[in-house]
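Undergrad: need coordinates for the following:
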Amino acid sequence: MLLLFFILWVILNGRVTPEIVLFGIAATAATGAFAYKATGYSAAVDLRIVKNLPLFLLYILNLVVEIIKAALSVIGLVFQAEDPDPVIVEFHSGFPSRLQNVLLANSITLTPGTITVFQEGDHFVIHCLRPEYAEGIENSSFVRLLRRLK
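TA: Numbers count the residues shown, from 1 in each chain. Reported below is the predicted structural model:
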């Protein structure tokens, strides 16, 4: 986070001089200290983010692929002019982390044809346009990737 603060400082100043670098270091340290104190953020969180960065990038790529596949499926459903057969599915993700549960809930909602109706802790209630959209949702690629988070 401190590195990002410093990079932002340099970008906003538009040039690099010894004075800007020195003031940037001081401003970065002060802003970082405030952020750590106010939010409880720590260097361990930074390390965890850096360690999981490849997994997050893979997760984003997987999300884009799943959105495209689901969008094509929903488009096919629209052009078939069939009535959807919506279902409500409940399951527990088993994730202890709030981050994992929120990422899963948002990923499900971003995927066309499914909406997270309710999420509390690891309990999910999902609305799916078709029963086949609900099949294996508790073992989806999202869940498998989120289980690998450390």
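
Undergrad: which residue is the nearest non-sequential neighbour of the most centrally placed residue in the chain?
TA: Note on the chain: the residue nearest the mean C-alpha position is L103, at 4.2 Å, using C-alpha atoms, centre = their mean. In space, and not counting its chain neighbours, L103 is closest to L146: 6.1 Å by C-beta to C-beta, 6 or more residues apart in numbering. Placement of C-beta: from N, CA and C, glycine included.

Undergrad: ok, G94 next?
TA: That would be D122: by C-beta to C-beta, 6+ apart, it lies 5.8 Å from G94.

Undergrad: E66 now?
TA: Nearest residue to E66, sequence neighbours excluded (C-beta to C-beta, 6+ apart): T111, at 5.5 Å.

Undergrad: and for E90?
TA: V125 is the one closest to E90 (C-beta to C-beta, 6+ apart), at 5.2 Å.

Undergrad: does that neighbour count as helix, strand or coil?
TA: strand (DSSP: H, G, I helix; E, B strand; the rest coil).

Undergrad: identify the bridge partners of it.
TA: E90, F118 (DSSP bridges).

Undergrad: isn't it up against T116?
TA: Yes: with contact defined as C-beta atoms under 8 Å, V125 reaches T116; the gap is 7.4 Å.

Undergrad: looking at those two, which is more packed in?
TA: Shown here are V125 and T116; by other C-beta atoms under 10 Å, T116 has more neighbours (18 against 14).

Undergrad: tell me the buried residues in the longest helix belonging to the chain?
TA: The single longest helix within the chain, with elements called by DSSP state H, is helix 43-80. Neighbour-count burial for helix 43-80 flags 59, 62-63, 66, 70, 73-74, 77 (criterion: 16 or more other C-beta atoms under 10 Å).
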